[in-house]
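Chemist: Fold the following and give me the result.
(2 chains)
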Amino acid sequence: MHKSWMKRQSRLGYLFIGPNMIGVLLFFIIPAVYSFYLMFTDYKFMSPETHFVGLDNIRRMLNDDLFGVAMRNTFVFLLAVPVSMGLAFIVAVALNKSVYWQKTLRALYFMPYITSGVAIAFVWMLLFQPTSGPINGFLRGIGITNPPGWLSTTEWSMVAIDIIWIWFMLGYNMIIYLAALQEIPEELIEAARIDGARPWQTIRQVIWPLVSPTTFLLLITGLIMTIKNFGIIQAITQGGPGNSTTVLSLFIYQNAFRYYEMGYAAAISWALFAIIMIFTVLQWLGQKRWVHY
Amino acid sequence: MRIKRGLTGLIVGALMLGLLAGCVGKNETNGGDNGGGAAAGKVKLTMWGAVPPENGPQEVVDTWNAKNPDIQVEYVRFVNDDDGNLKLDTALSTGQNVDLYVNYTLTNLDKRIKGGTALDLGEFTDYNIDEKMGEDAASWKVDGKYYGMPTKKNAAFFALNMKALDQAGLSVPTAWTWDEAREYALKLKATGFKYGLVQHTASYVDPLDSVLVKNGYVKADGTSNLDDPLVTKWLETLNGMMKEDATTPPLGEQLTSKMPVENMFLGGESAMINIGEWLIRTSNNMTEFPRDWKIAFAPVPRLAAQEADMVKSGGLGDFIAINSKSKNKEAAWEFLKWYADGGMMPMAAGGRLPSSNAVDQQTAIDHLLGDYADSYDKESLEFVLYGDETPTFVRSIAQEVVDLRAQEYEKFFLGNQTAEVTVQNMVKRHNDWLKQNQ
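Modeler: Here you go, the predicted model:
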């Protein structure tokens, strides 16, 4: 009786996840397996013939200078994640106390996250305008005679993208941190105060360790989200000037949908997958040192 | 319990069937549209193009539909960028309804021919494309065949502020070099402009292609010819204009601010603009861009010293192909002929001058200029459109090569590398590409 009940339950379970599984199968598993196959072919979209080329695409990738450039740019892009999290934590701690305009401020910080990416892109392009933009106007105002050219130079373009991305992610990170902060029992803070901890010590020794699972979550999701993102860069610089903002995901997009080099793009996609995998595994292994549940 | 188990199976089955039926059903309705229409003696054609319907295409198909109740045409717009072309290519290769489609570059056309989705128009004998469209049509031939019909006259030119020219005591050039253009920019700037010259990004690399079409993209030994001395000449001329003369905006700034160059020219910030016939669309808009001066036109300058060595960007455009999988090829062909021989006239106001000699030049210009003919220097316009005998080209190199060139010269104009290194890098990357695509 018990066994058949279990059986029935599990079948019912499959029924419920069925529609979702079909979606996953059709739109994730099958394409992923197919792209793995494509990696070993010279498949070009619209081209009639496809040949098996073995490891040619991978060899080409390793010899492609642009792949190296894209890799480096991706790592610079990833620096935005910890910076954004750090800022978000500070803002969250500040907004967790009773301050004036608390609710308005929370809403304002969250606003970028729900704004259309293209709109964000255009506004920031105006802000970063090297000669007449407000950012450089401000920098000149405080006495910097040669402010950076931001998006119009190869040296600063990736930094400018990082700034936009930090700003974009800040609201999301802050909301999650706020939720974590609200979970901290008041007694622990109280106890720390009675023991004579200064505010800074309380934050460092009590609050930060208590929100470490949240930090861990944000770090993993943030890195994955950032490494996959190309929309914002596509809208702002298309990878330029030169190729100073070509990140891996944009590089894949260009090869696949601009040049129709599907086989090569598949190879780079799997390289990207491998990088995400390594990052995630390293973090899972490393978490024991600093995440306290 | 058994009943219930059966029920579960049934629900799963029904769900699966529903899903499958959903897919099949959709296909059937797609096919049904065509088949059903044909059965009733009516043909429905779908034409894909990148011009917004309200800028002419809607009027074109409405006119046709009113005259031809048995062949109804529907216009579908795709945006002429990577995403838009991908959408068209996907529609073509998955057999969705596309009967006619417009190609804007030879590169895109080439992919579509290789994909087997462009019909060889050689099977129709009642229309001679070479005769109707003139010599320039031949640059759209692939393997000696027409896989479509060029319908529009491309025109690349410099537009100049006539008032500023008069003030500086300069005449409208009919043939000139980049060195002369640079002089013009300096003198014109001095009459009170922020810039002497602004350029549309679409026209930016035309001088390079002029040189390389003439001298070959590839040398006799199969290696890249991007180290032609005139390439360096182009790099240094423009760089001097940006940095020494400050007569043209720095490229980095132009790209990242998506500089609205037409507005700058019409708003009096720049005395010259390197652009094409689509300028007229904006310059005729006197409510948004009012001006009290005439626009004069000059051919684009050349890098080569000799006038005989010049090949200019231009030729014909809007190459319309018939999908080889279309069920209504004959009807599509009828529409295409009508379209090319003047049916497209409503699009002239947006700068799309018909290329067929069945269309009267004067009528076309009248359509182009509309109510504002007086605000243009007609003599120089007629010269750049019809008078200039310089041979033309249509850019045919692969997107990868266009991009790699752009990435390297951007780094040069931004001051990251010297002209010499830029040329070396271009050549190296072009050679790599050539090897990859043997």
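Chemist: contacting residues for the closest residue to A:Phe45 other than its chain neighbours?
Modeler: In this structure, A:Phe45 finds its nearest non-sequential neighbour in A:Tyr260, 4.0 Å apart by C-beta to C-beta, 6 or more residues apart in numbering or on different chains. Using the backbone N, CA and C atoms, a C-beta is placed for each residue, glycine as well. A:Tyr260 makes contacts with A:Lys44, A:Phe45, A:Met46, A:Ser47, B:Asp89, B:Lys111, as judged by C-beta atoms under 8 Å, 6 or more residues apart in numbering or on different chains.
Chemist: at 10 Å what do you get?
Modeler: A:Tyr260 makes contact with A:Tyr43, A:Lys44, A:Phe45, A:Met46, A:Ser47, B:Asn85, B:Leu86, B:Asp89, B:Lys111, B:Gly115, B:Gln399, according to C-beta atoms under 10 Å, 6 or more residues apart in numbering or on different chains.
Chemist: Using CSV, lay out these together with pLDDT.
Modeler: Listed next are the contacts of A:Tyr260 as CSV, based on pLDDT from 0 to 100:
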residue, pLDDT
A:Tyr43, 91
A:Lys44, 89
A:Phe45, 89
A:Met46, 85
A:Ser47, 83
B:Asn85, 94
B:Leu86, 94
B:Asp89, 94
B:Lys111, 90
B:Gly115, 90
B:Gln399, 91
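Chemist: correct me, but B:Leu106 touches B:Ala118?
Modeler: No. If you go by C-beta atoms under 10 Å, B:Leu106 and B:Ala118 don't touch, sitting 11.9 Å apart.
Chemist: intersection of neighbour lists for the two?
Modeler: Shared contacts of B:Leu106 and B:Ala118, defined by C-beta under 10 Å, 6+ apart, comprise B:Val142, B:Phe319.
Chemist: Looking at these two, which is more packed in?
Modeler: Using other C-beta atoms under 10 Å in any protein chain shown as the criterion, B:Leu106 and B:Ala118 rank with B:Ala118 on top: 25 against 18.
Chemist: Okay, now the unreliable bits of the chain?
Modeler: I'll assume chain A. Residue ranges of chain A with pLDDT under 70: A:1.
Chemist: hmm, I had chain B in mind actually
Modeler: Using pLDDT under 70, chain B drops low at B:1-41.
Chemist: Tell me where it has strands.
Modeler: B:43-49, B:71-77, B:100-103, B:149-153, B:156-161, B:195-199, B:270-276, B:295-298, B:312-313, B:316-322, B:353-354, B:392-393 (DSSP state E).
Chemist: Can you tell me the strand partners of the fifth one and which way each runs?
Modeler: Right, strand B:156-161. strand B:270-276 (antiparallel), strand B:295-298 (antiparallel) (DSSP bridges).
Chemist: now do the second one
Modeler: Partner strands for strand B:71-77, per DSSP bridges, with pairing direction: strand B:43-49 (parallel).
Chemist: Tell me how far the partner strand lies from the chain's centre.
Modeler: The chain centre lies 21 Å from the centre of strand B:43-49; the measure is C-alpha atoms, centre = their mean, to the nearest Å.
Chemist: Please apply the same query to stretch A:85-98.
Modeler: For stretch A:85-98 - counting by C-alpha atoms, centre = their mean - the centre lies 20 Å from the chain centre.
Chemist: And the residue of the stretch 101-250 of chain A closest to chain B?
Modeler: Distances between the stretch 101-250 of chain A and chain B by C-beta to the nearest C-beta are smallest at A:Ser152, namely 3.2 Å.
Chemist: residues in contact with that residue?
Modeler: Per C-beta under 10 Å, 6+ apart, neighbours of A:Ser152: A:128-131, A:160, A:237, A:240-241, B:250-257, B:410, B:414.
Chemist: same deal with B:Pro57?
Modeler: Neighbours of B:Pro57 in contact, by C-beta under 10 Å, 6+ apart: B:47, B:49-51, B:73, B:75-77, B:102, B:339, B:344, B:346-347, B:350, B:352.
Chemist: tally of neighbours for B:Asp228?
Modeler: 21.
Chemist: Confirm for me that it is in contact with B:Val211.
Modeler: Yes. In this structure, B:Asp228 is within contact of B:Val211 by C-beta under 10 Å, at 5.7 Å.
Chemist: what sits in contact with each of those two?
Modeler: Residues within reach of B:Asp228 and of B:Val211 at once, by C-beta under 10 Å, 6+ apart, are B:Tyr217, B:Trp234, B:Leu303.
Chemist: TSV please, covering those residues and showing neighbour count and distance to chain A.
Modeler: Output for those, formatted as TSV (neighbours: other C-beta atoms under 10 Å in any protein chain shown; distance: C-beta to the nearest C-beta, whole Å):
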residue	neighbour count	distance to chain A
B:Tyr217	19	17
B:Trp234	20	18
B:Leu303	22	23
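Chemist: Skipping adjacent residues, who's closest to the residue of the stretch 301-438 of chain B found nearest chain A in space?
Modeler: Closest contact between the stretch 301-438 of chain B and chain A, by C-beta to the nearest C-beta, is at B:Lys411 (4.0 Å). Of all residues not flanking B:Lys411 in the chain, A:Gly242 sits nearest, at 4.0 Å (C-beta to C-beta, 6+ apart).
Chemist: Show me what from the stretch 1-150 of chain A comes close to chain B.
Modeler: A:4-5, A:7-8, A:11-12, A:14-15, A:18-19, A:22, A:26, A:44-49, A:56, A:60, A:63-66, A:69, A:122, A:125-126, A:128-133, A:149-150 (C-beta under 10 Å from any C-beta of the partner chain).
Chemist: Of the shared contacts of B:Asp228 and B:Val211, which is the nearest to A:Met169?
Modeler: Of all those, A:Met169 sits closest to B:Trp234, with 42.1 Å by C-beta to C-beta.
Chemist: Just list the residues touching the residue lying closest to that closest one once chain neighbours are set aside, thanks.
Modeler: Closest residue in space to B:Trp234, ignoring its immediate chain neighbours: B:Pro207 at 5.1 Å, by C-beta to C-beta, 6+ apart. By C-beta under 10 Å, 6+ apart, B:Pro207 lies in contact with B:178, B:230-231, B:233-234, B:237-238, B:274, B:300-304, B:312-313.
Chemist: how about a cut-off of 8 Å?
Modeler: Contacts of B:Pro207 by C-beta under 8 Å, 6+ apart are B:Trp178, B:Trp234, B:Val300, B:Pro301, B:Arg302, B:Leu303.
Chemist: In space, what's closest to the closest residue to chain A within the stretch 1-150 of chain B - neighbours in sequence excluded?
Modeler: Of all residues in the stretch 1-150 of chain B, B:Gly115 sits closest to chain A, at 3.6 Å by C-beta to the nearest C-beta. What sits nearest to B:Gly115 in space, not counting adjacent residues and going by C-beta to C-beta, 6+ apart, is A:Met46, at 3.6 Å.
Chemist: Most neighbours among the contacts of B:Pro57, which one?
Modeler: Going by other C-beta under 10 Å, B:Arg352 tops these with 28 neighbours.
Chemist: got the CA positions of stretch B:431-438 in CSV?
Modeler: Extracted in CSV, the C-alpha atoms of stretch B:431-438 (Å, rounded to 0.1, in the frame of the first residue of the first chain):
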residue,chain,number,x,y,z
ASN,B,431,45.6,37.7,-43.7
ASP,B,432,44.4,35.5,-40.8
TRP,B,433,40.9,35.9,-42.0
LEU,B,434,41.8,35.1,-45.6
LYS,B,435,43.5,31.9,-44.4
GLN,B,436,40.4,31.0,-42.3
ASN,B,437,38.1,31.5,-45.2
GLN,B,438,40.0,29.9,-48.1
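Chemist: can that stretch be found next to chain A?
Modeler: Yes. Counting by C-beta under 8 Å from any C-beta of the partner chain, chain A is contacted by stretch B:431-438 at B:Gln436.
Chemist: and the nearest residue to B:Pro391 once chain neighbours are set aside, what are its phi and psi?
Modeler: For B:Pro391, ignoring the flanking residues on the chain, the nearest one in space by C-beta to C-beta, 6+ apart is B:Val311 at 5.1 Å. Backbone torsions for B:Val311, taken as degrees, to the nearest 10, come to phi -130, psi 130.
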